[in-house]
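Asks: Here is a sequence together with a model predicted from it:
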Amino acid sequence: MAGLARTGFSIDPDLLERFDRAISGKGYQNRSEAVRDLMRDYLVSEEADKNKVVAGTLTFVYDHHRPNLTEKLVEAQHQAGSQVLAATHVHLDHHNCLEVVMMKGRSGAIRDLSNRILSLQGVKHGQLVITSTGKDLK
Ligand code: NI
């Protein structure tokens, strides 16, 4: 195939069989694409470890009735400046709000902002997902 390098490696047959079973359950058409995705995962986690520019989303649920929490959440995002690209808020029920903050910036700054938000009292649960900006991945 043009534009692709071919490679091979030795692997324990049991490990290979388990891997093939796992990826077929996820819908991969072939082993190559699954291995490429693992390599991309590794490279993105390297970028994040080295404080490179990444994209990230912070998803969290918080108590709508907690006094001053909404103001603190807005303040934290304002202080972060251009790292915050957008935020979406939905009212899950009378008591709970779900918010997703979309970010791009150095991984350290994105983690700092996420930690600042997640550690606020009244934020019940949340998770940061860091991914690539896509620029350096094929
Ligand atoms: Ni709400």
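Replies: Everything's here; your move.
Asks: tell me the domain ranges of this structure?
Replies: 13-49, 53-131 (automatic domain parsing).
Asks: Residue 23 contacts residue 38, correct?
Replies: No - Residue 23 is beyond contact range of residue 38, at 9.6 Å (criterion: C-beta atoms under 8 Å). (Each C-beta comes from the backbone N, C-alpha and C, glycine too.)
Asks: of these two, who's got more company?
Replies: The residue with more neighbours, out of residue 23 and residue 38, is residue 23; 18 against 12, by other C-beta atoms under 10 Å.
Asks: Now do the contacts for that one.
Replies: 31, 34 (C-beta atoms under 8 Å, 6 or more residues apart in numbering).
Asks: From the chain's centroid, how far away is the helix of greatest length in the chain?
Replies: For the chain, the longest helix by residue count, based on DSSP state H, is helix 31-49. The chain centroid and the centroid of helix 31-49 are separated by 13 Å under C-alpha atoms, centre = their mean, to the nearest Å.
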